[in-house]
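>>> Dropping a prediction and its sequence here:
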Amino acid sequence: MKYITKIEDKEYIIEIDNDDQITINDQPFAINFEQLSDGVISLLINNQSHEAIVEEGDGNIWDVLLSGELYAVEVQDERAYRLSQARGSAGGAKGEVVIKSPMPGLILNVLVKPDQEVAKGDKVIILESMKMENELRAPRDGIIKRVSAAVGDSVEKDQALLIIGDPEMEHDEAAEVDDE
Amino acid sequence: MKYITKIEDKEYIIEIDNDDQITINDQPFAINFEQLSDGVISLLINNQSHEAIVEEGDGNIWDVLLSGELYAVEVQDERAYRLSQARGSAGGAKGEVVIKSPMPGLILNVLVKPDQEVAKGDKVIILESMKMENELRAPRDGIIKRVSAAVGDSVEKDQALLIIGDPEMEHDEAAEVDDE
Amino acid sequence: MNTENLHTRKFDKLLVANRGEIAMRIIRACHELGIATVAVYSDADRNAPHVRFANEAYHIGPSSASESYLRIDKLLEVAKKSGAEAIHPGYGFLAERADFAQACYDANIVFVGPPPNAIRVMGDKQTAREAVKAAGVPIVPGTEPGLSNEELLAAAEEIGFPLLVKATAGGGGKGMRPVHRREDLEDAIAAAQREAAAAFGDGTVYLEKLITHGRHIEIQVLADSHGNVIHLGERECSLQRRHQKVIEECPSFVVDEELRQRMGAVGVAAAKAVNYVSAGTIEFLMDKQKNFYFLEMNTRLQVEHPVTELVTGVDIAQEMLRIARGRKMRLTQEDVTMSGWAIECRVNAEDPYNNYLPSTGTISTIRLPTGPGVRVDTGVYPGYTVTPYYDSMISKLICYGQTRGEAVLRMRRALEEYRIMGVKTNIPFHQHMMDSHRFLTGNFDTHFVEERFSMEDREPAHELEAAILATLVAHGQSQKASQIVAPGERDTSNWKWLSRWERLRR
Amino acid sequence: MNTENLHTRKFDKLLVANRGEIAMRIIRACHELGIATVAVYSDADRNAPHVRFANEAYHIGPSSASESYLRIDKLLEVAKKSGAEAIHPGYGFLAERADFAQACYDANIVFVGPPPNAIRVMGDKQTAREAVKAAGVPIVPGTEPGLSNEELLAAAEEIGFPLLVKATAGGGGKGMRPVHRREDLEDAIAAAQREAAAAFGDGTVYLEKLITHGRHIEIQVLADSHGNVIHLGERECSLQRRHQKVIEECPSFVVDEELRQRMGAVGVAAAKAVNYVSAGTIEFLMDKQKNFYFLEMNTRLQVEHPVTELVTGVDIAQEMLRIARGRKMRLTQEDVTMSGWAIECRVNAEDPYNNYLPSTGTISTIRLPTGPGVRVDTGVYPGYTVTPYYDSMISKLICYGQTRGEAVLRMRRALEEYRIMGVKTNIPFHQHMMDSHRFLTGNFDTHFVEERFSMEDREPAHELEAAILATLVAHGQSQKASQIVAPGERDTSNWKWLSRWERLRR
């Protein structure tokens, strides 16, 4: 069985040959996989020992906790991969980033307007929660496509607050938006 | 719903009136019962807090771990209780005790013969396991009814080794045995 | 001595007016002294360990603290109902509310903490500064509160920049703003006033000279009701984010025995200035020349008290209870010795890779580090939901070593052993800090974390392994899913539980 | 000095030739020193923590130790394959096998322990007695081994009763029998020979005067490869069952500083007598008059080493590794100070209410005690099956306090917090001991547990609550069962998991 697995921008082609061997980018690894009764996973890769907790997130995303770090891993089998390739990178229009509220809270300030250019790291929204003012920042350069939160709104966890689009995509994106 | 619950020789009549009240031997108790996602149970009885782990054993026996002690509790609803009363105390002939091997091991010595009288605490069998000689003792006074283990046997966990019967019951017991 | 409105007498049952790890800490200290405990809980905390570990537990209201843990009337009612003779406030919530201490006194209940007056004086920045100033404790130059914005702007000229805008009622960095340039002052004052008003219902602010490259160093004191006051040395708490401590250690890298005794003496003087009784902490700001200035006194048990416990061997929580019972301290200053090194990492539900935004969610799995030199104080559990109702601290991980190096290496080991799933935590932040050269060489100040420490340069070490793990689990799931009978069970997020359950059925 | 066949040099990767809690202890010490670890495992231990926590893991055979953990050839093969430069034997298994130490030497691998000769001399009761006797260490009068039964009976007359029959190859009480009456001697010799033959493949026995009301007190020593030998004070290990230690403490109730230094000096002399290097323990038997006699030297890390670590602050496991790396000890005798009190309870899978019979089974749930002053060293996990293949120790629970009283009260608290389900444990025994007047007053000897301590007089404190809990759970199950769809799911032993799974699906 062959899978295409992504972390951040890295992509691995992982072939599960049988219970104790996998092939990654054509290189074989001896594996020994065990799941304990409490859900913890023990994996030996060429006798290198790794202990992890793996839980399913949204879509094909798996959360992997490994020596302190939490990795978001996207796993697709060949079929699913080809499909997603066909309709552009998974989820929404290409290069579009939706900024969601990480927790319930109150919008104290919205620092950007639609069509405004933002650089990675720019503050875009101030959200009050847990009695603290939290700054939401742009995850990358882009253009504000939509702002769906206003000062004074109290928002839920994961509520979409605004959308940042690719600069170069601006026109067709804008079009798309108008369509809706 | 009414239950008859036994620990050792104590018997409690417990009536579950609703989610937050029970009646024991006609005395009401306010309860607040919660089971956590890891199986641990938190119970408030008239605001007294108790944390426990409860797992089902054989028959109607429940193992209750409560502040270090492990309790074996027999729970029967009225119907089951009346039935068991009808056919004498649950499990086997009345007053009969089966001594089982507590672990896999090797029989080093058998110190009793059928029809022999034993007093509570008498050594009956020496079992070697975990490289130690372990003494199995009579749990109460009685008469050896059957010996099903011989020196040199290697036995499994919970394998019946011998049976002790009530002195006063001896005759009908013996009869029963002959029947088989 | 004048410690009016303070009860100290033997008690055998105590109500813990708090939740989380500090409630657990107090319950354990009580049980270790043979004192029965009464827990209180909000809707959110029915299953919390402090409810399960206490001898008794009473529900006091909805999850919002203002309707539960902050309800003095309900707490006193439970104390009466349960026959609790004493109340321990822990930290936060009502811990530094003089009116609560007074209410306990009026109800003839022992308040495990200082007399109301000491809380009142130290609770107000201004009266605190005056009180300790009179006792000869050095303070940072600044204005008194209540000035008009015009007056503040004028005063700023005298104090000079950089300076701090601070809320009178403030604490934990809320309503506090550093200002480096004259032109930023007005905005900063506005923001601080807004935040303080929201957090404390009082927007009053004042100005204070900003000590640059300052270190936060605090002195732990113990005072009994017989006039004995001692100190347990210092804690280094310079590693902070937005004035929230994240890592504390004992002793401090920059404090030698001579300085320790000098600061300790000043701390004791500050405590005596307000007839202090119980455990307390005097916070100082120390500049590069090792001048130290009084910041504030925390009139309660401190989050970071364990590092001092490990290095001095003194159980501060137990001492606090003994003192409240009216006992003389067993220790004199001479008995206090420090040996070894302890470091505490506060494990918070927040995302270190995304500007430390709080992370809410339900914890599915926890496995705590154990073994030599590792202590974990925690109040969370599998199934616990991190909500905005309470602070985001999940646990305190404390490691001890004969040397600082040993403590750091042990902390690395413990952080790696720590497993918590369901919310994002700042464990990677702590791991990164334990690897940082600046930290290892003790070369940091209160601005280090925010200004000269970044997660950007952290390499995710195990991406390939994570990819393999996710793929194998996904593969296993799709295999399993195809075997499962009942349709309901096909819900993929449960396959793990199912496989566990299937295993059990064998 | 003559420490021939001993390698000491820096190494960066170590193979742990052991399992369970001690393998974990060694792995943690290595990681805290930056040493990479290689674990080995038998069929039974694939999921054990030492496999999961080590950097590498290799399968070495079936569950039976003789086919895995005792296979020197396989261990050396894995060391070669993995590039491990050192091997730590832990305790038990090959820890005191001179041929293993020699084999490591021959394979140019650092053996983390003493030179083969020291193991050989101390491993044989007779040569050990001669060696230490020559060094002026007091020993118990007795016979040399290898006598005919007739000779033994004759010698018994001289020694007088009571006396002990001991196996030359013995240890941990196996092949040991106390004899109080002449007429019991022959049977005792037979039983000891049979047991020794079975356990060690060598039935040779000898006789020794039995010290009545003796206490077992041992001295921890550290010796480096540069000729420095120090002691870390004593441990009290008198609480034993069938010569198996169950509770140990540091310091001892009956040892004052003067006696400590005297015993320590003797311990150091014993170690020097065999050119000892590494951590070791000299066991003494102490009579009522506080005369102490050499029993044996354990040429390895001791199960109960943590109590000494907590009281002296010295990390013995790390020191052992530093010494094996050829380093000079950082400590001199003067640097060693003892402060506070530590107690260790060995939590075993056995039934204290049924003659302490070992309890086999699979552990379903574990929750370890945490918080201040509590250390747990363990190697078991949910899903672990206790089998007759390995010893029945589940974990070591160690509590520290400023005083013995504090340590005892903390131990009570920790024992109460401990949750382990699936096998019976001796936790009630420990709880009963912590309540025992004789224990609290330190008034016990090596026969106390077996002869003057009984579980019979322990009152089960919570029968009513247990009855209610079982009834509510049974009720809840029957309610649930009636709602469940698929027939397979009606299997009652799974209702808990089901309900959990159902909760997850919401």
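That came in fine, so what should we check first?

>>> Which secondary structure elements does the one helix or strand residue C:272 maps to sit against?
Assigned by DSSP states H and E, residue C:272 belongs to helix C:257-273. Judged by 3 or more C-beta pairs under 8 Å, 6 or more residues apart in numbering or on different chains; DSSP states H and E, the packing partners of helix C:257-273 are helix C:125-134, strand C:215-223, strand C:229-241, strand C:278-286, strand C:292-298. The C-beta positions use only the backbone N, C-alpha and C, and glycine is treated the same way.

>>> helices or strands next to the fourth one in the packing?
Secondary-structure packing of strand C:278-286 (3+ C-beta pairs under 8 Å, 6+ apart): strand C:215-223, helix C:257-273, strand C:292-298, helix C:316-324.

>>> give me phi/psi at the residue nearest the centre of chain A?
Centroid-nearest residue in chain A, with C-alpha atoms, centre = their mean: residue A:72, separated by 6.8 Å. With angles defined as degrees, to the nearest 10, residue A:72 sits at phi -100, psi 120.

>>> returning to that earlier point: if you compare the helices and strands packed on strand C:278-286, which one is most tucked away?
When you average the neighbours per residue for each of the helices and strands packed on strand C:278-286 (mean count of other C-beta atoms under 10 Å in any protein chain shown), strand C:215-223 leads with a mean of 25.

>>> tell me the mean pLDDT for it?
Averaged across strand C:215-223, pLDDT comes to 98.

>>> can you check stretch C:366-375 too?
Rounded mean pLDDT across stretch C:366-375 is 95.

>>> quick one: it near chain B?
No. Against chain B, stretch C:366-375 shows no contacts by C-beta under 8 Å from any C-beta of the partner chain, the least distance being 8.8 Å.

>>> Tell me if that stretch is near chain A.
Yes. Residues of stretch C:366-375 contacting chain A under C-beta under 8 Å from any C-beta: residue C:367.

>>> can you confirm residue C:311 is in a helix?
Yes. Residue C:311: assigned to a helix according to DSSP: H, G, I helix; E, B strand; the rest coil.

>>> Determine which residue of chain A is most distant from the centre point.
Outermost in chain A, C-alpha atoms, centre = their mean: residue A:47 at 30.9 Å.

>>> quick one: secondary structure of the closest residue to chain D within chain A?
Closest approach of chain A to chain D (C-beta to the nearest C-beta) occurs at residue A:37, with a separation of 3.5 Å. What three-state DSSP gives for residue A:37 is coil.

>>> Report the spatially closest residue to it, excluding sequence-adjacent ones.
residue D:383 (3.5 Å; C-beta to C-beta, 6 or more residues apart in numbering or on different chains).

>>> my guess is the one you found is in a strand, correct?
No. With three-state DSSP as the criterion, residue D:383 is coil rather than part of a strand.

>>> how many neighbours does it have?
19 (other C-beta atoms under 10 Å in any protein chain shown).

>>> which residues does the residue farthest from the centre of chain A contact?
For residue A:47, the contacting residues are A:30, D:56-58, D:82, by C-beta atoms under 8 Å, 6 or more residues apart in numbering or on different chains.

>>> let's see 10 Å
A:30, A:32, D:38-39, D:54-59, D:78, D:81-82 (C-beta atoms under 10 Å, 6 or more residues apart in numbering or on different chains).

>>> cool, and residue A:49?
A:32, A:42-43, D:37-39, D:50-58.

>>> Surely it is in a strand?
Yes. The assignment for residue A:49 is a strand, going by three-state DSSP.

>>> how about the residue lying closest to it once chain neighbours are set aside, secondary structure?
Spatial nearest neighbour of residue A:49, excluding adjacent residues (C-beta to C-beta, 6+ apart): residue D:57 at 4.5 Å. Put simply, residue D:57 is strand when judged by three-state DSSP.

>>> how far away is the residue nearest in space to the middle of chain C from residue C:248?
With distances taken as C-alpha atoms, centre = their mean, residue C:303 lies nearest the centre of chain C, 3.1 Å away. The gap separating residue C:303 from residue C:248 is 8 Å, by C-beta to C-beta, to the nearest Å.

>>> Tell me how far residue A:153 lies from chain B.
Here the criterion is C-beta to the nearest C-beta, to the nearest Å. By it, residue A:153 lies 33 Å from chain B.

>>> Could you check how many residues crowd around the closest residue in space to that residue that isn't next to it in sequence?
Take residue A:153 and drop its neighbours on the chain: the residue closest to it by C-beta to C-beta, 6+ apart is residue A:107, 4.5 Å away. The burial count assigned to residue A:107 is 19, neighbours taken as other C-beta under 10 Å.

>>> so residue A:107 makes contact with residue A:156?
No. Residue A:107 lies out of contact with residue A:156 (C-beta atoms under 10 Å); the separation is 11.8 Å.

>>> So for these two, which residues contact both of them?
Joint contacts of residue A:107 and residue A:156 (C-beta under 10 Å, 6+ apart) are residue A:101.

>>> In chain A, where is pLDDT below threshold?
A:86-95, A:130-132, A:167-180 (pLDDT under 70).

>>> Can you report phi and psi for residue C:77?
Dihedral pair for residue C:77: phi -60, psi -50, per degrees, to the nearest 10.

>>> residues in contact with it?
Residue C:77 neighbours (C-beta under 10 Å, 6+ apart): C:58, C:60, C:71, C:107.

>>> All set, thanks.
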